[in-house]
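Participant: just the structure for this:
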Amino acid sequence: MILIIDDDISIRASLSFMLKRAGYEVVAVSSPKEAMVTIRDTAPQLILMDMNFSLSTSGDEGITLLKQVKLFRKDVPIILMTAWGSIDLAVKGMRAGAFDFITKPWNNASLLQRIETALELNSIDDKCDKECSQSINSPNKEEDSFDRSFIIGNSDELNKVLDVVKRVAKTNASVLITGESGTGKELIAEALHRNSMRKNKNFVKVNLGGISQSLFESEMFGHKKGAFTDASNDRIGRFELADKGTIFLDEIGDLDIGSQVKLLRVLQDQTFEPLGDSHAHKVDLRIVSATNADLTKRIAEHSFREDLFYRINLITVHLPALRDRREDIPLLAKHFAHKQCEINNIPQVEFSQDAMNLLTRLPYSGNIRELKNLVERTIIISSKKILTADDFKPQINIRPETNTAINNDGLTLDDIEKRTIILSLKKHNNNLCHVALDLGLSRAALYRRLEKYNIDYKK
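Facilitator: Alright, predicted model coming up:
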């Protein structure tokens, strides 16, 4: 049963009609008081809840009711609804335990998809709980079939991420993967595909940051011969290549506004028209996106569309920075060392204790990618079987553009990080956008460090 809570009779009627036609049992109430009575007496599978029940538009009434409902029905997914939508209100609702957030007026097809996803994910959770409880005294339980190939680490932070991936992978829910540059967003996207029902179909990667506005339609939608001057042959676009599979839209935060509009149209109904073709092509694919940008800030700056943001992030997976999962660094370092020796056909190396202590203390603004480069560079240059801290120190924070290295003797990790930021500021003439990219940080993370170290970055 789906419970609708809204003080507007027209909203209740329209939602009830739509959901009943879709085959759901529906109960609709007009006030928080009626809602709590219904919730105490019945067990709804999902709740659609308005955020305002008076003249107020703050959403506080909805947040209060949400918290009350969670006390009685902790595991029931709740989708919040409001005509006064904002990113702040959505975030506030999610933190209070909501599954999703939609604005009025809604798109019927989109809302039904979100409801189906919420019910499917909740069903998977219930199944997992039952299997876990049954496995306590069941020695013949089958091994976990989740494929986490190439994902190295066993920290609590990483395992929390993989728990979400495991739950979401078997659904068709769109997923937004966030995190700093170098944290492994592409590996998580691949894990989502490998563990999905689409695993035997194509996994198509697209770096949207590397596609210019003029080439966007040709790259993504394809073109027919003669569609433009250089179109000497038909070209299949990325969306068609990903049909029945998964498309991974990397660096989606860097996509220009004009291309965002074109992308949104495809995501809404999964149809597109190749350049030079008047016929719409229908595709069936799953959307996984990734960004190291702060999309909520870009929405406020009007450089990223809010409707596209809600379309791509039905589920958000945030990857922690490497400095927040330091217990994984030894595993990663040994993995990269083994692969490097194998590729170059050289004897396997080992790490001394002081080398591993050093590696686990570094700030890693470039995250896993930075650790990988550091390990591989040291192996090649040192040519030793046992690597010590002294072997790594000369390779830390080398800047290829200027061949400048930081002398780390006697410095704390904060000192090293501060100096790295100052060098990058000088190199990029205080252009914070370029500095953030250079250091593998989001703009927000860079601002926090500038404030932390009291660095004057103004020209």
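
Participant: residues in contact with Lys282?
Facilitator: By CB atoms under 8 Å, 6 or more residues apart in numbering, the residues touching Lys282 are Gln270, Thr271. Glycine gets a C-beta too; all of them are placed from N, C-alpha and C.

Participant: at the geometric centre of the protein, which residue do we find?
Facilitator: Ile177 (1.1 Å; CA atoms, centre = their mean).

Participant: residues in a beta bridge with it, which ones?
Facilitator: Counting by DSSP bridges, Ile177 is bridged to Ala290, Val317.

Participant: can you read off the pLDDT for it?
Facilitator: Here, the pLDDT recorded for Ile177 equals 95.

Participant: give me the neighbour count for Gly245.
Facilitator: 19 (other CB atoms under 10 Å).

Participant: give me the distance between the nearest residue to it once chain neighbours are set aside and Lys418.
Facilitator: Closest residue to Gly245 apart from its sequence neighbours, by CB to CB, 6 or more residues apart in numbering: Lys201 at 3.3 Å. To Lys418, Lys201 is 48 Å away according to CB to CB, to the nearest Å.

Participant: which parts of the stretch 251-400 of the chain are helices?
Facilitator: In the stretch 251-400 of the chain, the helices defined using DSSP state H, counting those that start in this stretch lie at 257-269, 295-300, 306-312, 329-343, 353-361, 367-382, 389-392.

Participant: which residues touch the last one?
Facilitator: Taking CB under 8 Å, 6+ apart as the criterion, the residues outside helix 389-392 that touch it are Ser352, Asp354, Ala355, Asn357, Leu358, Leu359, Leu374, Thr378, Ser382, Lys384.

Participant: who are the neighbours in contact with the first one?
Facilitator: Remark: with contacts taken as CB under 8 Å, 6+ apart, Ser352 is in contact with Ile386, Leu387, Thr388, Ala389.

Participant: and for the fourth one?
Facilitator: When the contact criterion is CB under 8 Å, 6+ apart, the partners of Asn357 are Ala389.

Participant: pLDDT wise, what is it at?
Facilitator: 92.

Participant: gap between it and Ile4?
Facilitator: Counting by CB to CB - Asn357 and Ile4 are separated by 58 Å.

Participant: what of the second one?
Facilitator: Distance of Asp354 to Ile4, computed by CB to CB: 63 Å.

Participant: and those two? Which one has more around it.
Facilitator: Taking other CB under 10 Å, Asp354 and Ile4 do not tie; Ile4 has more neighbours (24 against 13).

Participant: measure that one to Met94 for me?
Facilitator: Distance from Ile4 to Met94, counting by CB to CB: 20 Å.

Participant: what of His318?
Facilitator: For His318, the distance to Met94 - CB to CB - is 12 Å.

Participant: again with Asp269
Facilitator: Taken as CB to CB, the span from Asp269 to Met94 is 26 Å.

Participant: same check, this time on Met197
Facilitator: Taking CB to CB, one finds Met197 at 27 Å from Met94.

Participant: and for Leu322?
Facilitator: 26 Å.

Participant: before we move on, what about Tyr453?
Facilitator: 32 Å.

Participant: same thing with Asn122?
Facilitator: Asn122 is 16 Å from Met94, by CB to CB.

Participant: so between the two, which is more surrounded?
Facilitator: Asn122 (17 against 14).

Participant: give me the three-state assignment for that one.
Facilitator: Here Asn122 is recorded as helix under DSSP: H, G, I helix; E, B strand; the rest coil.

Participant: isn't it up against Pro77?
Facilitator: Yes - assessed by CB atoms under 8 Å, Asn122 is found in contact with Pro77 at 5.3 Å.

Participant: next, show the common contact partners of those two.
Facilitator: Leu46.

Participant: for the closest residue in space to Lys20 that isn't next to it in sequence, give its distance to Met220.
Facilitator: Leaving aside its chain neighbours, Lys20 sits nearest to Val26 (5.7 Å; criterion: CB to CB, 6+ apart). From Val26 across to Met220, the span is 39 Å (CB to CB).

Participant: do Asn429 as well
Facilitator: According to CB to CB, Asn429 stands 34 Å off from Met220.

Participant: neighbour-wise, which of those two wins?
Facilitator: For Asn429 and Met220, the more surrounded residue by other CB under 10 Å is Met220, and the numbers stand at 22 against 9.

Participant: double-check that Val206 belongs to a strand.
Facilitator: Yes - checked against three-state DSSP, Val206 lies within a strand.

Participant: any idea what it is bridged to?
Facilitator: Leu249.

Participant: contacting residues for it?
Facilitator: Glu219, Met220, Arg238, Ile247, Phe248, Leu249, Asp250.

Participant: confirm Lys47 sits in a strand?
Facilitator: Actually, residue 47 is Ile. It isn't Lys. Yes - assigned with three-state DSSP, Ile47 falls within a strand.

Participant: so it makes contact with Leu15?
Facilitator: No - in this structure Ile47 lies outside contact range of Leu15 using CB under 8 Å: 11.7 Å.

Participant: once you drop chain neighbours, what's closest to Ser58?
Facilitator: Per CB to CB, 6+ apart, closest to Ser58 is Asn52, 7.5 Å.

Participant: show the pLDDT at that neighbour.
Facilitator: So, for Asn52, pLDDT stands at 82.

Participant: and the gap between it and Lys104?
Facilitator: 11 Å.

Participant: Ile247 sits in which helix or strand?
Facilitator: Using DSSP states H and E, the element containing Ile247 is strand 246-250.

Participant: can you give me the helices in the stretch 101-250 of the chain?
Facilitator: Using DSSP H, counting those that start in this stretch, helices in the stretch 101-250 of the chain cover 108-135, 156-169, 185-194, 216-221, 238-241.
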